[in-house]
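Enquirer: Could you work out the structure for the sequence below:
(one chain, ligands or ions: 1)
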Amino acid sequence: MNWILNFKTKFVEKVKQTFKRDRPSKVDQANSAWINCPGCNQMQLREDLKKNFNVCKCQYHFDLDPKIRFDKLIFDNGYELIPCPKYADPDPINFVINGKKAIDKYKNYQEKTGQESAILIAAGKMNGLNVVCAGYNFAFGASAISLRESEHLLAAMQYALDNKVDCFISFYCSGGMDVKGNLFSLTKGMSAIILAMNELKRKNILTVGVLSSKTTGGLFVDTFANDTLWSECKSSNNLLFSGKRVSAGVRSSDKEEMPEDYGEGAALTRNGMSDGYFENRLEIKDKLSTLIRVLLKKPEKEAKAESTSNVKVDIPAISAS
Ligand SMILES: [Zn+2]
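Expert: Residues are numbered from 1 along each chain as shown. Purely as a prediction, here's the structure:
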């Protein structure tokens, strides 16, 4: 019956060719001067978006490089980058996928973004307050948190303790914990970060989380360890554990409609999962500074950070334990 199979194959090919549509590849889309906004479904010039820190006129927030955020939107006059510890290993089990080493992929991300890990961490002044900021870069492999990122965060928290800063701010944007990192990411990394955050709280260092354009998976769970949690904007989307599509699949058995704003900033606040949302990422600096001063009972004229304790705390590295 080979002739039937041959006829079927040729027929299917002919139909495919007839109805073939030329769609731009991912590379074409990335190199295009235009981008489609999922919020208003309008084409936007990338240059225009860039000038407005990747915020569309409809207030949809695209991802923002943490370096641009720190340079233009957060710190007063420059900042000091907190380096990632040399011993921090992003690939402790030498993971190989489709014949390619995971470590090579990681090095590509480092080259592409110019960052040591998926998180850019810096210390400096924000409206006179001493702060340490961790900016998660989605362009760095969806900012998956491997053992290296966890060690980088611990080093930053150690810096915050040593220098008695006012506040530790995390700008979350990540697909979650790095599965290639095996249990090191999912158990050791997560638990160590939560314990270190508790140490900051014990020393009266405020921990603030800001959920930016997407935060899912294990990292979304981590965000609840903050003293206060905010969304970058009302319609920030994919602020969930499992992602909108997967959650909808689970709920479909109940024949329930998913709320239109499911996983968005406003919905999180309405359901008591976050303390509020900002209107726009451009106002975060001023509103957050006021909030921090109120929570720390620290009026604006006090420029120098104070600590209630002189006892030094050392956070152990995960790799050394
Ligand atoms: Zn838009």
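Enquirer: CA only for contacts and neighbour counts going forward, please
Expert: Will do.
Enquirer: Could I get the contacting residues of the residue nearest to Phe184 when sequence neighbours are not counted?
Expert: In space, Phe184 comes closest to Leu147 once its chain neighbours are excluded; the distance is 6.0 Å by C-alpha to C-alpha, 6 or more residues apart in numbering. With contact set as C-alpha atoms under 8 Å, 6 or more residues apart in numbering, Leu147 has these partners: 88-92, 181, 184-185, 189.
Enquirer: Now do the strands in this protein.
Expert: Ranges of strands in the chain, per DSSP state E, are 34-36, 43-45, 79-81, 96-97, 100-101, 119-126, 129-136, 167-174, 206-215, 228-231, 276-277.
Enquirer: and the last one, what's its mean pLDDT?
Expert: So the one you mean is strand 276-277. When pLDDT is averaged over strand 276-277, the result is 92.
Enquirer: what's that strand packed up against?
Expert: On a contact count with 3 or more C-alpha pairs under 8 Å, 6 or more residues apart in numbering; DSSP states H and E, strand 276-277 meets strand 228-231, helix 265-270.
Enquirer: Low-confidence regions, this structure specifically.
Expert: Filtered on pLDDT under 70, the chain yields the residue ranges 1, 20-23, 182, 236, 251-256, 300-316, 319-321.
Enquirer: Write out the residues of it neighbouring the ion.
Expert: Proximity of the chain to the ion (C-alpha under 5 Å from the ion) is limited to residues 37, 39-40, 56, 58.
Enquirer: Now render those as CSV, adding neighbour count.
Expert: Formatted as CSV, the residues of the chain next to the ion follow (neighbours: other C-alpha atoms under 10 Å):
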residue, neighbour count
Cys37, 17
Gly39, 16
Cys40, 12
Cys56, 19
Cys58, 13
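Enquirer: Phe11: neighbouring residues, count only.
Expert: Counted with other C-alpha atoms under 10 Å, the neighbours of Phe11 add up to 12.
Enquirer: so where do the helices sit in the chain?
Expert: Counting by DSSP state H, the chain has helices at residues 2-18, 26-31, 46-51, 66-68, 102-113, 147-162, 182-183, 190-202, 218-222, 244-251, 265-270, 284-296.
Enquirer: tell me the most buried of the ones you listed?
Expert: helix 147-162 (a mean of 24; mean count of other C-alpha atoms under 10 Å).
Enquirer: thinking again about what came up before, Val246: which of the helices and strands packed on strand 276-277 is closest?
Expert: Closest to Val246 of the helices and strands packed on strand 276-277, according to C-alpha to C-alpha: helix 265-270, at 17.5 Å.
Enquirer: Show me the contact partners of stretch 210-223.
Expert: 61-63, 145, 169-177, 186, 190, 194, 209, 229-233, 236-243.
Enquirer: List buried residues within those residues.
Expert: Applying 16 or more other C-alpha atoms under 10 Å to the contacts of stretch 210-223, the neighbour count classes 61-62, 145, 169-177, 186, 190, 194, 209, 229-233, 236-243 as buried.
Enquirer: Would you mind measuring from the residue of the stretch 201-321 of the chain found nearest the ion to Gly141?
Expert: Closest approach between the stretch 201-321 of the chain and the ion, counting by C-alpha to the ion: Ser235, at 10.8 Å. In this view, Ser235 and Gly141 are 24 Å apart by C-alpha to C-alpha, to the nearest Å.
Enquirer: Of those two, give the one with the bigger neighbour count.
Expert: Shown here are Ser235 and Gly141; by other C-alpha under 10 Å, Ser235 has more neighbours (25 against 17).
Enquirer: Tell me who's in contact with the more buried one.
Expert: By C-alpha under 8 Å, 6+ apart, the residues touching Ser235 are 59-61, 261, 264-266.
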